[in-house]
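Student: structure for the following, please:
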Amino acid sequence: METPVLLFFVAIVATAINSIAGGGGLLTFPLLMTVLPPVTSDATSAVALLPAYMTSTWAARKHLAPLSHWFWRLLWPSLVGSLLGALLLNWSGNRSFTALIPWLILIATLLTLRPLLTRTAHSGHSLDAVDPVDITAGPSVSLQIGASVLLFVVSIYGGYFGAGIGILVIGAFGLIGLTDIHSILPLKNALCGSLRAVAVTVFIIEGKVNWEYGLVMAAGALLGGYIGGSVVGWMNRALVRIGIVVLGVVMAAYYFWRIYGTGIHLVGSD
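Tutor: Residues are numbered from 1 along each chain as shown. Here you go, the predicted model:
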C-alpha cells in the first residue's frame, strides 16, 4: 500500500482511539518515524491529529455541556503550559525529558484504574453505575487552583511531546474528582485539542511540519474524530475505562522498550 494511503487510514483509526481514550499517537508517530526524522514526525503527527479533536468534541457536545464551566477554568493553564512545552521542544538541545514518558503514562493509567477498583470494593455499586460526584457543582477555590496547576504541568508535557496526553488528562481529572467517563471524554478532547493547537502553531512557525503527509493524515483525522466522538455516548463506562487502562499499559510498555530497551530517544534527534 502506498504510504499516503496507509497514513490516511491509520489516521482514521488513531483519531477514533484518541476520541474515546487517547493514545492514537502510538500509531501515527512510529509510522511517521519510518519516513521522517523524529522531531518532524512528532510535529507532523500533532498537525495530523488536531482536526479530530474538533470533530470529536462537536459530535459529543451534549455530553460536554455539564462540564463547560470546567473547560473555561482549565483552558488558560492548559494553553500556557502547552506553549511552554512546545517552546522547550524547539529551544532545548537536551531531550532527556523523554525518559519520563513511560512513567507518566503508567502513573496516569493507574489513576484511571482507581475508580474501577473503588467500585469493585463496594459490592453495592455496579461498575457502570453513575459516578457519585456532582459534575455540575461549582468547585471550591482551592480545587480550582489545584486543578489549574495540575493541568498546567500536564500541558507542558502535551506541548513538548503529546503521546498519551489524553490518558494523562483523564488521570488528572480523576485526581480532582471528575470520573464520569461520558462527560470527561469530550472535556478531555476539548482541552487536548486546545493545548495541542498551541503546540501545532509553534511547530508550524518553526517549520517542523511535513505537509505532504500531514494534510493526508488530517483528512483522515476529521473522519476518525467524528466517529469516535459519536460513539462515546452509548459506550459502557466501565468498558471504556478498562480499554483506556489496557491501552495505557501497552503504551507504557512500548515506550519503556523504546527508551530504555533500545536506547532510542523518540524526539530531539536532528
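Student: how many neighbours does Glu206 have?
Tutor: Residues near Glu206, counting by other C-beta atoms under 10 Å, number 15. All C-beta spots, glycine's among them, are computed from the backbone N, C-alpha and C.
Student: likewise the one 10 residues further on?
Tutor: A total of 18 residues lie near Val216 under the criterion other C-beta under 10 Å.
Student: need the pLDDT of it.
Tutor: Looking at Val216, its pLDDT is 92.
Student: in three-state terms, how would the closest residue to Val80 other than its chain neighbours be classified?
Tutor: Nearest-residue entry for Val80: Phe152, 6.5 Å, with adjacent residues in sequence omitted and distances by C-beta to C-beta, 6 or more residues apart in numbering. Following DSSP: H, G, I helix; E, B strand; the rest coil, the label given to Phe152 is helix.
Student: quick one, what contacts Phe152?
Tutor: Phe152 sits next to 77-78, 80-81 when contact means C-beta atoms under 8 Å, 6 or more residues apart in numbering.
Student: switch the residues you listed over to a markdown table; also include neighbour count, pLDDT and secondary structure.
Tutor: Formatted as a markdown table, the contacts of Phe152 follow (neighbours: other C-beta atoms under 10 Å; pLDDT from 0 to 100; DSSP: H, G, I helix; E, B strand; the rest coil):
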| residue | neighbour count | pLDDT | secondary structure |
| --- | --- | --- | --- |
| Pro77 | 21 | 94 | helix |
| Ser78 | 26 | 94 | helix |
| Val80 | 18 | 96 | helix |
| Gly81 | 25 | 95 | helix |
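Student: which two of those have the greatest separation?
Tutor: In these, two members sit farther apart than any others by C-beta to C-beta. They are Ser78 and Val80, at 7.5 Å.
Student: which residues are common contacts for those two?
Tutor: Common neighbours of Ser78 and Val80 (criterion: C-beta under 8 Å, 6+ apart): 152, 155.
Student: low-confidence ranges in this protein?
Tutor: 1, 21-23, 26, 92-98, 111-112, 114-139, 163, 232-238, 240-241, 262-270 (pLDDT under 70).
Student: can you count the residues close to Ala199?
Tutor: Residues near Ala199, counting by other C-beta under 10 Å, number 29.
Student: of the contacts of Phe152, closest to Ile167?
Tutor: Of all these, Ile167 sits closest to Ser78, with 15.5 Å by C-beta to C-beta.
Student: quick check: the closest one touching Leu191?
Tutor: Yes: judged on C-beta atoms under 8 Å, Ser78 makes contact with Leu191 at a distance of 5.3 Å.
Student: quick one: common contacting residues for those two?
Tutor: Common neighbours of Ser78 and Leu191, counting by C-beta under 8 Å, 6+ apart, are Leu151.
Student: show me what counts as buried in the helix or strand hosting Ala86.
Tutor: If you go by DSSP states H and E, Ala86 is part of helix 68-91. Buried residues in helix 68-91, counting neighbours by 16 or more other C-beta atoms under 10 Å, are found at 70-71, 73-75, 77-89.
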